[in-house]
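A.B. asks: with the sequence up front, the predicted model follows.
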Amino acid sequence: MRIHHNSHPEDAKNYDTSRLREEFLTEALFLPGEINIVYSHIDRMVAMGVCPEPEQTLALDHFVDSQSFGTTFFLERRELGIVNLGTTAEIRCHNGLSYRLEYLDALYLGQGEQAIEFTSLDQEQSAKLYCLSAPAHHSYPSRIIQRDQANQIELGTKENANERLITQYLHPEILPTCQLCMGITHLKTGSVWNTMPAHTHERRMEAYFYFNLDPSQVVFHLMGEPDETRHIVVRNHQLILSPSWSIHSGCGTQNYSFVWGMAGENQTFDDMDFVSMDDIR
């Protein structure tokens, strides 16, 4: 398990490229045949890349060190969101229930779910399940959210190169969660900008996981305080952790997609501190 500590914005102003990447970027989250775990002290968020090989089953308990979380099982005091970014997969829990996820389906597992197992149902390709977990204070029902059940919102214009489709999966209008919110943004062909004009949300952190990006292309992920911006070059299947004091925007050399996830004080999506284009530096 890799651990990221929180960073003060005054300190982050002095980070060079290598230090920025070390603090906020995970370059390889999907490792074949493994559950790769990233623990962040930013709002105690945990990201996981679950990558069972063809017809392989991975048990979460085998990869989670309970001593690291101070609990007897992973979701004893947590909730978990899962998005399938690969071939068909199945998730099983202790109560005998199983959930079959197709590409871009999502699953919410509530506090208290145990003995979680991930299986690739494809005979040729590894599954790729992207997971986020946040602390939870209440047990809400587990549920699949299929791709066509997510809220879909079209934003942006061709003139501003930011036409995009936002799909909201773990969202208050879809199902109740303690604090975890997740969704996917898809940039349309010819559009490369996301979340610009920029904003921060002091009461929530955010994680970005980029995908649908050709290996020869990159995204310049923008972060930092609005008057002290920095960039990190991000490639396909890479994760950025964004503290609440930072903007989280990006511009790619082609269109791309990313899974966004948030945790913090609230789930109010308009609770943003917008940054004027005249003030960003």
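C.D. replies: That came through, no problem.

A.B. asks: Three-state assignment for Leu80, please.
C.D. replies: strand (DSSP: H, G, I helix; E, B strand; the rest coil).

A.B. asks: isn't His248 right next to Tyr208, touching?
C.D. replies: Yes. Under the criterion of Cβ atoms under 8 Å, His248 makes contact with Tyr208 at 6.3 Å. Bear in mind the C-beta positions are built from the backbone N, C-alpha and C, glycine included.

A.B. asks: show me the common contact partners of the two, please.
C.D. replies: His221, Ile240, Ser242 (Cβ atoms under 8 Å, 6 or more residues apart in numbering).

A.B. asks: excluding chain neighbours, what is closest to the last one?
C.D. replies: Read that as Ser242. Spatial nearest neighbour of Ser242, chain neighbours left out: His248 (4.2 Å); criterion: Cβ to Cβ, 6 or more residues apart in numbering.

A.B. asks: now Thr167
C.D. replies: Ala150 (4.2 Å).

A.B. asks: circling back to that earlier point, out of the shared contacts of His248 and Tyr208, which is most surrounded?
C.D. replies: The residue in the shared contacts of His248 and Tyr208 with the most neighbours, by other Cβ atoms under 10 Å, is His221 (26 neighbours).

A.B. asks: picking that back up, just the pLDDT at the residue nearest to Ser242, thanks.
C.D. replies: Per-residue pLDDT puts His248 at 94.

A.B. asks: so what touches stretch 217-227?
C.D. replies: 9, 12-13, 20, 24, 196, 198, 200, 208, 210, 213, 229-235, 240, 242, 245-254, 256, 275, 279-281.

A.B. asks: now it: average pLDDT?
C.D. replies: Stretch 217-227 shows a mean pLDDT of 96.

A.B. asks: got the buried residues for that stretch?
C.D. replies: Val218, Val219, His221, Leu222, Met223, Gly224, Glu225, Pro226 (16 or more other Cβ atoms under 10 Å).

A.B. asks: need the residues you listed in JSON lines (columns: distance to Gln114).
C.D. replies: Below are the buried residues of stretch 217-227 laid out as JSON lines (distance: Cβ to Cβ, whole Å):
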{"residue": "Val218", "distance to Gln114": "40"}
{"residue": "Val219", "distance to Gln114": "37"}
{"residue": "His221", "distance to Gln114": "36"}
{"residue": "Leu222", "distance to Gln114": "40"}
{"residue": "Met223", "distance to Gln114": "36"}
{"residue": "Gly224", "distance to Gln114": "40"}
{"residue": "Glu225", "distance to Gln114": "41"}
{"residue": "Pro226", "distance to Gln114": "43"}
